[in-house]
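K.L.:
coords please:
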Amino acid sequence: MSAILERVDEEVLEAPNYDGEFDAVVVGAGLAGSAAALTMAERDLEVLLIERGSSPGAKNVFGGVLYTPTIRELVDLEDAPLERYIAEKRFSMLSHDDETAISISPGEWRREPHNDSYTVFRGEFDEWFAEQAVEAGATLVTETTVTGLLREGREIVGVETDRPDGEIEAPYVVLAEGANSLVGEGANLKATESRENVAVAAKEVLEFPHGENVIENRFRLFGDAGVSYHYFGEGAVGEAFGGGFIYTNGDTVSVGVAYRLEDAAVNEQPPEETLNLFKSHPRVAPLLRDARTVEYSAKTIPEGGAESVPDLAHDGAVIVGDAAGLVLNNGVHLEGTNMAVESGYHAGRVIADANARGRTDADALEAYGRALEESFVVKNLERYAWLQETVEEDRELLFETMPTAFADAGAEYFRMDREPKAEHANRAKRAVIDALGGWRGLAKLALRYRKVVT
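P.N.:
As a prediction, this is how the structure comes out:
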């Protein structure tokens with residue numbers, strides 16, 4: 001079933017009454033929602049998976065990397081629509097016209113399962129992943145918007161939709177509606193996040209119309225290998241707190257920026273304008289030369305970390321994925337897809353267990369939150385909970401002073417003239433140390449950020 005309405009002789013009939021036919025309703029057929037639906041269907045629950053787009057992933061804006069360790073445990077990825085595996089990660093500091101970068105490309109990443117890191121088009125992958133849930137027994141409904149939740153007292157007993165006779169009762173509801181979680185907020189299951197804890201992202205997909213193997217040649221690639229390039233500093237997003245990115249797809253590249261919504265408002269930095277400035281940087285523009293835009297999109301990303309995760313279990317409902325704020329972005333680790341799938345899997349498993357015991361209360365569903373706490377999801381969020389605030393305090397140093405200082409130091413260290421190398425090395429060292437506030441400042445900075453690597 002692809003829609004809650006069926007056509008007979010070109011006539012549109014009212015939606016049938018599904019009350020009592022489903023054990024669970026999943027709101028949103030993204031990674032978290034499909035993982036939950038798949039997990040429950042494989043445990044013999046009748047699951048309704050509702051997607052507001054024309055197909056799963058149709059409304060999903062994504063410019064990053066799909067991390068597949070949990071997906072690979074749930075389904076066979078042999079026929080999955082993957083673009084390229086990530087063979088190289090590159091991190092760059094950009095000043096106004098300089099770049100200082102470090103590249104990481106372990107040989108292990110070139111061997112399967114390729115560090116479980118792939119670029120994908122979410123419209124294609126999400127549709128495929130939802131199909132796996134359908135094959136397991138779930139029912140997929142598209143072009144249907146959930147507008148609210150049904151309650152009996154405190155207990156959630158189903159959903160309201162925009163379809164005729166669109167109330168659907170079910171003992172369990174999984175809210176996997178993404179960062180713009182209007183249903184969860186409207187039902188007071190979570191608070192509206194402040195704009196300091198939300199990032200705005202703008203992304204373009206670019207194609208190279210002339211010549212074969214342009215991506216392979218420009219990014220030094222072979223076969224299905226790909227890259228993820230990450231940039232920060234004023235050359236990436238101006239005065240904002242955030243960064244830019246480039247990811248290689250099969251025959252296109254995804255390029256974009258992500259930065260705090262607060263900065264977009266206060267600094268009057270529209271996403272499209274910020275993206276255009278990033279693309280025009282002298283160290284970025286050559287990688288995109290002659291490319292033309294075939295797709296533009298924008299989205300919001302929750303970045304509140306562990307402190308912004310709402311109560312995950314309620315009477316008759318759980319919250320998963322981006323709707324639960326399960327996104328990690330510390331500048332080095334940019335993850336969310338793996339957290340979404342992991343949360344959907346644990347939610348589905350706990351609901352199946354609760355259903356077997358005939359319980360729908362929050363106490364029974366709290367096992368979902370405990371499972372996340374014991375998994376990498378919450379542990380990783382808690383590990384870096386301090387980082388956003390610390391980086392904000394050091395914003396000028398990290399995003400403006402350091403990129404310029406390291407670029408100047410690099411130019412000095414490798415300067416070719418008739419002076420001894422020792423003179424250049426000393427000046428290069430002094431440029432960095434002075435920028436960091438001397439040896440005392442360097443020691444304080446190392447102490448402040450020691451937990452990134454320890």
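
K.L.:
Counting neighbours, which bits of stretch 408-421 end up buried?
P.N.:
For stretch 408-421, the neighbour count (16 or more other C-beta atoms under 10 Å) marks D408, A409, G410, E412, Y413 as buried. From N, CA and C alone the C-beta is placed, and that goes for glycine too.

K.L.:
and it, how far out from the chain's middle?
P.N.:
Put simply, stretch 408-421 sits 41 Å off its chain's centre (C-alpha atoms, centre = their mean, to the nearest Å).

K.L.:
Out of the buried residues of stretch 408-421, which comes closest to G244?
P.N.:
Nearest to G244 among these: G410, at 20.1 Å, using C-beta to C-beta.

K.L.:
Spell out the secondary structure type for that closest one.
P.N.:
The three-state assignment at G410 reads helix, by DSSP: H, G, I helix; E, B strand; the rest coil.

K.L.:
can you check K451 too?
P.N.:
Taken by three-state DSSP, the conformation at K451 corresponds to helix.

K.L.:
Now do the helices in the stretch 201-350 of the chain.
P.N.:
Remark: helices assigned in the stretch 201-350 of the chain by DSSP state H, counting those that start in this stretch are 214-218, 234-237, 261-266, 271-279, 337-356.

K.L.:
okay, now K379: neighbour count?
P.N.:
K379 has 12 neighbours, counted by other C-beta atoms under 10 Å.

K.L.:
That one and E124, how far apart?
P.N.:
As judged by C-beta to C-beta, to the nearest Å, K379 and E124 stand 31 Å apart.

K.L.:
Distance to V120 added to the buried residues of stretch 408-421, as TSV?
P.N.:
Shown next, in TSV, are those (distance: C-beta to C-beta, whole Å):
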residue	distance to V120
D408	39
A409	38
G410	35
E412	42
Y413	40
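
K.L.:
in the sheet, who's paired with I50?
P.N.:
Per DSSP bridges, the residues bridged to I50 are V27, V141.

K.L.:
was I right about it contacting G30?
P.N.:
No: in this structure, I50 is not within contact of G30 by C-beta atoms under 8 Å, at 11.6 Å.

K.L.:
ok, the two, which is more surrounded?
P.N.:
Each of I50 and G30 has its neighbours counted (other C-beta under 10 Å); G30 has more, 30 against 27.

K.L.:
Confirm A199 sits in a strand?
P.N.:
Yes: assigned with three-state DSSP, A199 falls within a strand.

K.L.:
need the contact list for it.
P.N.:
A199 sits next to G242, A258, Y259, R260, L261, T300, I301, E303, N329 when contact means C-beta atoms under 8 Å, 6 or more residues apart in numbering.

K.L.:
Based on its surroundings, how many neighbours for the nearest residue to the fourth one once chain neighbours are set aside?
P.N.:
So the one you mean is R260. Of all residues not flanking R260 in the chain, F241 sits nearest, at 4.7 Å (C-beta to C-beta, 6 or more residues apart in numbering). By other C-beta under 10 Å, 20 other residues sit near F241.

K.L.:
surely F241 meets A264?
P.N.:
No: F241 sits out of contact with A264 when judged by C-beta under 8 Å, with a separation of 10.2 Å.

K.L.:
Give me the neighbour count for V214.
P.N.:
Count around V214 with other C-beta under 10 Å applied: 17.

K.L.:
ok, and the closest non-adjacent residue to it?
P.N.:
F208 (4.1 Å).

K.L.:
In this structure the one you found contacts D290, no?
P.N.:
Yes: between F208 and D290 there is a contact at 6.2 Å, judged by C-beta under 8 Å.

K.L.:
Who has more neighbours out of these two?
P.N.:
Set side by side, F208 and D290 show more neighbours around F208, with 19 against 11, by other C-beta under 10 Å.

K.L.:
and stretch 436-446, how far out from the chain's middle?
P.N.:
That offset, for stretch 436-446, works out to 33 Å (C-alpha atoms, centre = their mean).

K.L.:
Next, the buried residues of that stretch.
P.N.:
Neighbour-count burial for stretch 436-446 flags L436, L445 (criterion: 16+ other C-beta under 10 Å).

K.L.:
go on, stretch 326-337?
P.N.:
Here stretch 326-337 shows L326, V327, L328, N329, N330, G331, L334, E335, G336, T337 as buried, counting by 16+ other C-beta under 10 Å.

K.L.:
And the pLDDT at the third one?
P.N.:
The score at L328 is 81. That number is its pLDDT.

K.L.:
Check the last one too.
P.N.:
Each residue has a pLDDT score; the one for T337 is 93.

K.L.:
G242 too?
P.N.:
We note a pLDDT of 89 for G242 in this prediction.

K.L.:
For it, which residues are in contact?
P.N.:
So G242 contacts A199, F232, A236, V257, A258, Y259, R260, D263 (C-beta under 8 Å, 6+ apart).

K.L.:
Compare those and tell me which is most surrounded.
P.N.:
Neighbour counts for the contacts of G242, by other C-beta under 10 Å, peak at V257, which reaches 31 neighbours.

K.L.:
what about it, distance to R52?
P.N.:
V257 is 26 Å from R52, by C-beta to C-beta.

K.L.:
Now do the end-to-end distance for stretch 392-409.
P.N.:
Stretch 392-409 has an end-to-end distance of 25 Å (C-alpha to C-alpha, to the nearest Å).

K.L.:
Show me what it is in contact with.
P.N.:
93-96, 98-100, 232-235, 241, 391, 428-429, 431-432, 434-436, 445, 448.

K.L.:
Show me the strands in the stretch 251-400 of the chain, by range?
P.N.:
Listed in chain order, the strands of the stretch 251-400 of the chain (DSSP state E, counting those that start in this stretch) span 252-260, 292-302, 313-314, 317-319, 328-329, 334-335.

K.L.:
How about exporting stretch 264-277 as CSV, limited to the C-alpha atoms?
P.N.:
Coordinates of each C-alpha in stretch 264-277 appear next as CSV, following Å, rounded to 0.1, in the frame of the first residue of the first chain:
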residue,chain,number,x,y,z
ALA,A,264,22.2,33.4,10.8
ALA,A,265,19.8,35.8,12.5
VAL,A,266,22.2,38.0,14.4
ASN,A,267,24.8,38.3,11.8
GLU,A,268,22.3,38.5,8.9
GLN,A,269,23.9,35.6,7.1
PRO,A,270,21.4,33.9,4.9
PRO,A,271,22.2,30.3,4.1
GLU,A,272,22.4,30.7,0.3
GLU,A,273,24.7,33.7,0.6
THR,A,274,26.9,31.9,3.1
LEU,A,275,27.1,28.9,0.8
ASN,A,276,28.0,31.0,-2.2
LEU,A,277,30.8,32.7,-0.2
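
K.L.:
residues in contact with it?
P.N.:
Outside stretch 264-277, the residues within contact range by C-beta under 8 Å, 6+ apart are 195, 200-204, 237-240, 244, 255-257, 259, 263, 296, 298.

K.L.:
Report the rounded mean pLDDT for it.
P.N.:
Taken as a whole, stretch 264-277 has a mean pLDDT of 89.
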